[in-house]
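could you work out the structure for the sequence below:
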Amino acid sequence: MPVDELDTRILRLLLEQPRTSVREYARILGVARGTLQARLDRLEREGVITGTAPALSPAALGHPVLAFVHIEVTQGHLDEVGDALAAVPEIVEAFSITGGGDLLARVVARDNAHLEDVVQKLISMPGVVRTRTEVALRERVAHRMLPLVESLGRAART
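As a prediction, the model looks like this:
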C-alpha cells in the first residue's frame, strides 16, 4: 500500500508515542481528529497497522535465552508441523523459509537446559526430520519499523 507524507507522520507518532490519544495525535499533526481517525482506520483495514498491544520482553518474563531453530520437515507435513509449533509457548514466532530447513522458529527459554527441553520437544513432533539451533548472544539491532517508515516518507516527498 502506498503511504503519503501524512501517513508517514502518523506512523512515526504511533511508533514514538504509542500511548497518546487520537485527539493528541491530531493536535500534534495539525489535522482534524476525523481526518486522523479516517487515516488510522484505513491503515488498519489495509494491514499496515496490525495491532496495538504492548511490546513485551521475554527476558523480563524470565526467558533471557533466545535461539533460532531451523526445522526440517518431512515432505507434505509442513502445515501439520506448523500447527504443532503453535502449541509450544516458548516459540514466539515461526516462519516457512527457503534454504537450509523448512521452518525457522524464534524460541525463548529460561536457560540452556530449558532450551534443550524445548528443542527435544520439537524433535519428537511427528513430521520433524531434524533441527539445527543457533543461540543469540546479543541483540545488535532491536526490532524496529521507524527507519522503514522514514524511508517511505522520504520517497513520498519525491
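
ok, Ala67 to Leu115 distance?
6 Å (Cβ to Cβ, to the nearest Å). No exception for glycine: its C-beta is placed from N, CA and C like everyone else's.

the two - which one has more neighbours?
Neighbour count, other Cβ atoms under 10 Å: between Ala67 and Leu115, Leu115 has more, with 21 against 18.

what score does that one have for pLDDT?
pLDDT recorded at Leu115 is 98.

try Val3
Reported pLDDT for Val3: 87.

which ones are touching Glu80?
Counting by Cβ atoms under 8 Å, 6 or more residues apart in numbering, Glu80 makes contact with 126-127.

just use 36 as the starting number from now, easier for me
Yes, from this point I'll number from 36; that puts the last item at Glu115.

so which helix or strand takes in it?
Element membership for Glu115 (DSSP states H and E) is helix 113-120.

angle of whichever helix or strand comes after that helix against helix 113-120?
As assigned by DSSP H and E, the chain's next helix or strand after helix 113-120 is strand 126-131. Strand 126-131 runs at 170 degrees relative to helix 113-120, counting by axes from the mean of the first three to the mean of the last three Cα atoms, to 10 degrees.

show me what strand 126-131 pairs with in its sheet, parallel or antiparallel.
Paired neighbours of strand 126-131 in the sheet (DSSP bridges): strand 138-144 (antiparallel).
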